[in-house]
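In: heads up, no residue letters with this:
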């Protein structure tokens, strides 16, 4: 499991000061990038040089409790599956009271940038993800 902590900012909320549903995915992506940094698989400074991309091909979410402006947020990122050409991440959003506010899941597929077709997940990334 990887933990990412942040604070709910004005940009994440709607007019009532509650996190807007689409912002959960923005926050999850920040946690995803932080996870990649932590396992030594950061995005390169120049994405043009990256031979394999990992687009999201499926995303889902369940919302259980409100998050509000100013809340401290803990996102627990769990590796739900690592397959030969894809991986699935689960994001558990935990509010300041320790309650589960939301659960998101994203499925990423390895895509060869040159051909646009799915390809094998690089073993280094697969091993790092399995290690979580």
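Out: In hand now; what should we look at? The structure displayed is predicted, hence computed values, not measured ones.

In: Find the residue at the geometric middle of this protein.
Out: residue 32 (3.5 Å; Cα atoms, centre = their mean).

In: correct me, but it touches residue 89?
Out: Yes. Between residue 32 and residue 89 there is a contact under Cβ atoms under 8 Å: 6.6 Å. For every residue, glycine as well, the C-beta is placed using N, CA and C.

In: which residues are in contact with both of those two?
Out: Shared contacts of residue 32 and residue 89, defined by Cβ atoms under 8 Å, 6 or more residues apart in numbering, comprise 77, 106.

In: For the protein, just list every one of the helices.
Out: When secondary structure is read from DSSP state H, the chain shows helices at 23-38, 123-130.

In: Let's have the ones you listed in a markdown table, adding distance to residue 93 and mean pLDDT.
Out: Formatted as a markdown table, these follow (distance: least, Cβ to Cβ, whole Å; pLDDT from 0 to 100):
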| stretch | distance to residue 93 | mean pLDDT |
| --- | --- | --- |
| helix 23-38 | 7 | 96 |
| helix 123-130 | 20 | 95 |
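
In: Could you export those as CSV, including distance to residue 82?
Out: Converted to CSV, these look like this (distance: least, Cβ to Cβ, whole Å):
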stretch, distance to residue 82
helix 23-38, 13
helix 123-130, 5
